[in-house]
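Trainee: A predicted structure for the sequence below; I have some questions about it.
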There are 2 protein chains.
Amino acid sequence: MPYLPSVQKLIDEISKLPGIGPKSAQRIAYFILKTDDKFVYELSESLLEVKHKVRFCENCFDLSEEPLCKTCSDPRRQNQILCVVEEPKDVLAIEKTNEFRGRYHVLGGVLSPLDSIGPEDLHFKDLLRRITGEDITEVVVCTNPNLEGETTAMYIHKLLTPLGVTVSRLASGLPVGADLDYADEQTLTRAFMGRRLME
Amino acid sequence: MPYLPSVQKLIDEISKLPGIGPKSAQRIAYFILKTDDKFVYELSESLLEVKHKVRFCENCFDLSEEPLCKTCSDPRRQNQILCVVEEPKDVLAIEKTNEFRGRYHVLGGVLSPLDSIGPEDLHFKDLLRRITGEDITEVVVCTNPNLEGETTAMYIHKLLTPLGVTVSRLASGLPVGADLDYADEQTLTRAFMGRRLME
């Protein structure tokens, strides 16, 4: 006697989420079966709402509910300095430090030959468009301090230096192999203050 | 700059699932944002479908898409022997051994004073109804071999022995403190074969 088809289907769907193994998926599915209807309706609606409402900013590829995100449409942000990050959550981490008043560019990932993610899969073309079209003089590369992040930083350095912009990298202070997103605000602030030129 | 409201709402909902902390919830929410619409629609629908279709069997409280579950409505199952389990997933674990041909009764949990779960919160009343109404001569208590499971087994033993039925317990073979649901089929088979009388 296997699972009921509808329960099996739910377990299969949940198993596709990141970090959820088959036992966790089963546990969550039973929780869904036992919990009150209201929560499940809200969860189901929340999933659809996010897909309907949230898109990527047309300029910087941060998350946004409008064509342009809040940072891109804010005239008070500095145009000269651009922070390049891997993911939208990194924008949030940096905003929390209150240290950076420039603009952002979200790559949507990192270069990773093992996962067959090459330059054409990330928003480098739009980065070049912004460098030539906006008044940017300095690019701070804020990719994570691990192998893929460093590789991506090197790539950006090579890509942008011929265009006459200064390319800097977050200072040490972040332990190597860590996730930018987990850093405490003070460490991240220090890393920002001590950013170093790439040469 | 906090999360977009719709993203924050989704993260909050996902955090309520068992075993999901705030960082996992954030990771899953970003996965939802990046993945294709089809998967999210299917997941959302699957959640609702399970809540609409799946109910508890009116007799044994196993999961079912009909008023009576497959085991209860199967005339080939033995009526004399009844297996009492904590949760529907335990029925599946026992069915996989192909060792048991009797019927089931799902308690819906275990006695746990710390979580204020008393006898009135579990399906004991229906267990008594079945003992007096059906031809049951032996009850095998298959609660998990931990403190709450043992307490619940003792309670069932005291409750049913006056009614003239034999009450047995799964044999040792399952390591104490383990979860029945994680046992391999052979261990569970051996535990079934060596079940001991409660006295």
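Mentor: Yes, it's here. Numbers count the residues shown, from 1 in each chain, chains lettered A, B, ... in the order given.

Trainee: From here on, just use CA atoms for contacts and neighbour counts.
Mentor: OK.

Trainee: In contact with the residue lying closest to A:F124 once chain neighbours are set aside, which residues?
Mentor: Nearest non-adjacent residue to A:F124, counting by Cα to Cα, 6 or more residues apart in numbering or on different chains: A:L107, 6.9 Å away. By Cα atoms under 8 Å, 6 or more residues apart in numbering or on different chains, the contact set of A:L107 is A:F61, A:V84, A:V85, A:E86, A:E87, A:L122, A:H123, A:F124.

Trainee: what's the answer for A:Y155, then?
Mentor: If you count contacts by Cα under 8 Å, 6+ apart, A:Y155 has none.

Trainee: Can you tell me how far it is from chain B?
Mentor: 24 Å (Cα to the nearest Cα, to the nearest Å).

Trainee: same question, A:Y3
Mentor: Remark: distance between A:Y3 and chain B (Cα to the nearest Cα) = 7 Å.

Trainee: sorry, back to before: just give me the closest of the contacts of A:L107 to chain B.
Mentor: Closest approach between the contacts of A:L107 and chain B, by Cα to the nearest Cα: A:E87, at 9.2 Å.

Trainee: Beta-bridge partners for the closest residue to A:T71 other than its chain neighbours, please?
Mentor: Spatially, and ignoring its direct neighbours in sequence, A:T71 is nearest to A:R103 (6.5 Å; Cα to Cα, 6+ apart). Judged by DSSP bridges, the bridge partners of A:R103 are A:L82.

Trainee: which element is the residue of chain A found nearest chain B on?
Mentor: Across chain A, the shortest distance to chain B (Cα to the nearest Cα) belongs to A:S44, at 4.6 Å. Using DSSP states H and E, A:S44 maps to helix A:37-53.

Trainee: Show residues contacting that helix.
Mentor: Identification of contacts with helix A:37-53 by Cα under 8 Å, 6+ apart yields A:32, A:65, B:6-7, B:9-10, B:13-14, B:32-33, B:37, B:40-41, B:43-45, B:47-48, B:51.

Trainee: For the residue nearest to A:F124, report the pLDDT, please.
Mentor: Here, the pLDDT recorded for A:L107 equals 96.

Trainee: got it, and A:E99?
Mentor: Taking A:E99 on its own, its pLDDT is 84.

Trainee: So it sits against A:L188, correct?
Mentor: No - contact criterion Cα atoms under 8 Å: A:E99 and A:L188 do not qualify, at 9.2 Å.

Trainee: ok, the two, which is more surrounded?
Mentor: Neighbour count, other Cα atoms under 10 Å in any protein chain shown: between A:E99 and A:L188, A:L188 has more, with 24 against 14.

Trainee: secondary structure element for that one?
Mentor: Taking DSSP H and E as the definition, one finds A:L188 inside helix A:185-193.

Trainee: close to chain B, is that helix?
Mentor: No - using Cα under 8 Å from any Cα of the partner chain, helix A:185-193 never reaches chain B; the gap is at least 14.1 Å.

Trainee: Contacts for that helix, please.
Mentor: Residues from elsewhere that reach helix A:185-193, judged by Cα under 8 Å, 6+ apart: A:A93, A:I94, A:K96, A:T97, A:E99, A:L170, A:A171, A:S172, A:G173, A:L174.

Trainee: Can you report how many residues lie near A:G164?
Mentor: Using other Cα under 10 Å: A:G164 sits among 12 other residues.

Trainee: Give me the nearest residue to it, chain neighbours excluded.
Mentor: Nearest residue to A:G164 in three dimensions, chain neighbours excluded: A:T137, at 7.8 Å (Cα to Cα, 6+ apart).

Trainee: Hmm, that neighbour is touching A:I81, no?
Mentor: Yes - applying Cα under 8 Å, one finds A:T137 in contact with A:I81, separated by 6.2 Å.

Trainee: In terms of neighbours, single out the busier of the two.
Mentor: Neighbour count, other Cα under 10 Å: between A:T137 and A:I81, A:I81 has more, with 21 against 15.

Trainee: If anything else comes up later, I'll come back, but that's it for now.
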